[in-house]
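**Q** just to be clear, the model below is a prediction. Sequence and coordinates:
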Amino acid sequence: MTGETKDIQKVTGKLIRQFGEKVITIEDRGGSAIPSVVVDKAKILEVLFFLKADPDSAFDMLTDLFGVDNNKERPRFELIYFLNSFKNKMRFAVKVGLEDGESVPTASGIWKAAEWFEREIYDMFGIRFEGHPDLRRILLDEEFEGHPLRKDFPVEGPDFDKPFVVELGEEK
Amino acid sequence: MGVTEADKNVLVTSVDFVVNWARKNSVWPVTFGLACCALEMMVASSATYDIARFGAEVFRPSPRQSDLMIVAGTVTKKMAPILKRIYEQMPEPKWVIAMGACACSGGIFRTYNTVQGVDQIVPVDVYVPGCPPRPESLLAGLIKLQEKIQKETILERELISLPKMKG
């Protein structure tokens, strides 16, 4: 495939041998794009753990984890894990497709960085992560209602026309 | 109040003058830089555009010891209760300068988490527009505030409060 080195082909080959073609789909985005695979939701945790544990891949750093809302396409949400290996000097991307209301097991047992990334995804998209130690909003107010980065959320927010009133509670 | 108009004008005017002169020439701001405007505020208090020559000698970190709150930067809805709490902790007399487009009216952020102008939360005396306003603009705003303070009278300083929302 274009843009993929021999090491990456070793990794993807190992993934397919371990998990099978039904679970792993290799994407070909050509050029100098980071090589990526699309993984079935049921096996995502095992795939991620395999990618970290295996010495050929050894992805010890979760660089980024973000969500995508594809408005009308299916699957509606996608989670993209960007992985980085210091030992083998390569980058990799893992994608999972989700529907509205589904939840994913948390990757914070594998990489601690996933804790805050998943909190942000919960805050912005409403995707829940099972087994997360502390799943609550990270960027917005705790009492905020709605998940802003969904495509059906208006940019100004639902209460834009009403004046903003601050109620200070009493200190306990 | 037992004081007639004529008495008020004769008796209190010179006291007014002295009190206002003292207040306007020693407004001490509380540090409330939230975003990029805070940098311009810092520059205004540095050597080139010295804000200390207008009386804003020290930026007190504690609101209990300050007169002026310069809201410099974007106010988000998460920050709004904190801002209101700091404002309420300042003792009278107190003034507010809304510095920058975001504090005046929300700026370019017409979004779900930005308060569209800090005057939705606290009463503002002077608006300094700009994105960010140059330090000279902030100094001009401070001078305008000083002119406003000069016109006050100690007999009638009412406690300013926002109208309560019904329901």
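**A** Cool, got the structure. Numbering: from 1, shown residues only, chains lettered A, B, ... in the order given.

**Q** which residue, other than its chain neighbours, is closest to the closest residue to chain A within chain B?
**A** Proximity of chain B to chain A (Cβ to the nearest Cβ) peaks at residue B:112, 3.0 Å away. Quick note: C-beta positions are derived from backbone N, CA and C, even for glycine. When the adjacent residues along the chain are set aside, residue B:112 lies closest to residue A:157, with 3.0 Å between them (Cβ to Cβ, 6 or more residues apart in numbering or on different chains).

**Q** what is the neighbour count of residue B:22?
**A** 11 (other Cβ atoms under 10 Å in any protein chain shown).

**Q** elements contacting whatever helix or strand it lives in?
**A** Element membership for residue B:22, per DSSP states H and E: helix B:13-24. Counting by 3 or more Cβ pairs under 8 Å, 6 or more residues apart in numbering or on different chains; DSSP states H and E, the packing neighbours recorded for helix B:13-24 are helix B:135-150.

**Q** what's across from residue A:68 in the sheet?
**A** With DSSP bridges as the criterion, residue A:68 is bridged to residue A:78.

**Q** give me the low-pLDDT residue ranges for chain B?
**A** Low-confidence segments of chain B, defined by pLDDT under 70: B:1-12, B:156-167.

**Q** what residue is smack in the middle of it?
**A** Centroid-nearest residue in chain B, with Cα atoms, centre = their mean: residue B:96, separated by 1.8 Å.

**Q** next, give phi and psi for it.
**A** Main-chain torsions, residue B:96, degrees, to the nearest 10: phi -130, psi 130.

**Q** which residues does residue B:68 form a beta bridge with?
**A** Going by DSSP bridges, residue B:68 forms beta bridges with residue B:29, residue B:95.

**Q** tell me who's in contact with it.
**A** By Cβ atoms under 8 Å, 6 or more residues apart in numbering or on different chains, the contact list for residue B:68 reads B:27, B:28, B:29, B:30, B:56, B:94, B:95, B:96, B:97, B:145.

**Q** in CSV: those residues, plus distance to residue A:133.
**A** Listed next are the contacts of residue B:68 as CSV, based on distance: Cβ to Cβ, whole Å:
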residue, distance to residue A:133
B:27, 48
B:28, 45
B:29, 41
B:30, 37
B:56, 46
B:94, 43
B:95, 46
B:96, 41
B:97, 43
B:145, 49
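
**Q** buried members of those residues into ChimeraX, please.
**A** Per 16 or more other Cβ atoms under 10 Å in any protein chain shown, the buried members of those correspond to this ChimeraX selection:
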select /B:27,29,30,56,94,95,96,97,145
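
**Q** buried stuff in stretch A:131-147?
**A** Neighbour counts using 16+ other Cβ under 10 Å place A:132, A:135, A:137, A:138, A:140, A:144, A:147 of stretch A:131-147 among the buried residues.

**Q** ok, that stretch near chain B or not?
**A** Yes - taking Cβ under 8 Å from any Cβ of the partner chain as the criterion, stretch A:131-147 and chain B are in contact, through A:140, A:141, A:144, A:146.

**Q** can you get me the start-to-end distance on that stretch?
**A** 21 Å (Cα to Cα, to the nearest Å).

**Q** quick one: contacts of it?
**A** Outside stretch A:131-147, the residues touching it (Cβ under 8 Å, 6+ apart) are A:105-106, A:108-109, A:115-116, A:118-120, A:122-126, A:128-129, A:148, A:153, A:157-158, B:77-78, B:112-113.

**Q** next one: the helix or strand bottoming out on mean pLDDT in chain A to chain centre, how far?
**A** The weakest-scoring helix or strand in chain A, judged by mean pLDDT, DSSP states H and E, is strand A:24-27 (a mean of 77). Once both centres are worked out by Cα atoms, centre = their mean, to the nearest Å, strand A:24-27 turns out to sit 16 Å from its chain's centre.

**Q** ok, back up a step: mind putting the residues of stretch A:131-147 next to chain B into TSV with secondary structure and pLDDT?
**A** Compiled in TSV, these are given as follows (DSSP: H, G, I helix; E, B strand; the rest coil; pLDDT from 0 to 100):
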residue	secondary structure	pLDDT
A:140	coil	90
A:141	coil	86
A:144	coil	86
A:146	coil	88
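
**Q** which residues touch the closest residue to residue A:129 other than its chain neighbours?
**A** Nearest non-adjacent residue to residue A:129, counting by Cβ to Cβ, 6+ apart: residue A:106, 4.1 Å away. Residue A:106 makes contact with A:114, A:115, A:118, A:129, A:130, A:131, A:132, according to Cβ under 8 Å, 6+ apart.

**Q** and the two most separated of the residues of stretch A:131-147 next to chain B?
**A** A:141 and A:146 (11.2 Å; Cβ to Cβ).

**Q** one step back: which of the contacts of residue B:68 lies closest to residue B:83?
**A** Residue B:83 lies nearest to residue B:96 out of the contacts of residue B:68, by Cβ to Cβ, at 9.9 Å.

**Q** for the closest one, what are its contacts?
**A** Here residue B:96 is in contact with B:68, B:69, B:70, B:71, B:87, B:118, B:122, B:123, B:124, B:125, B:126 (Cβ under 8 Å, 6+ apart).

**Q** thanks a lot, catch you later.
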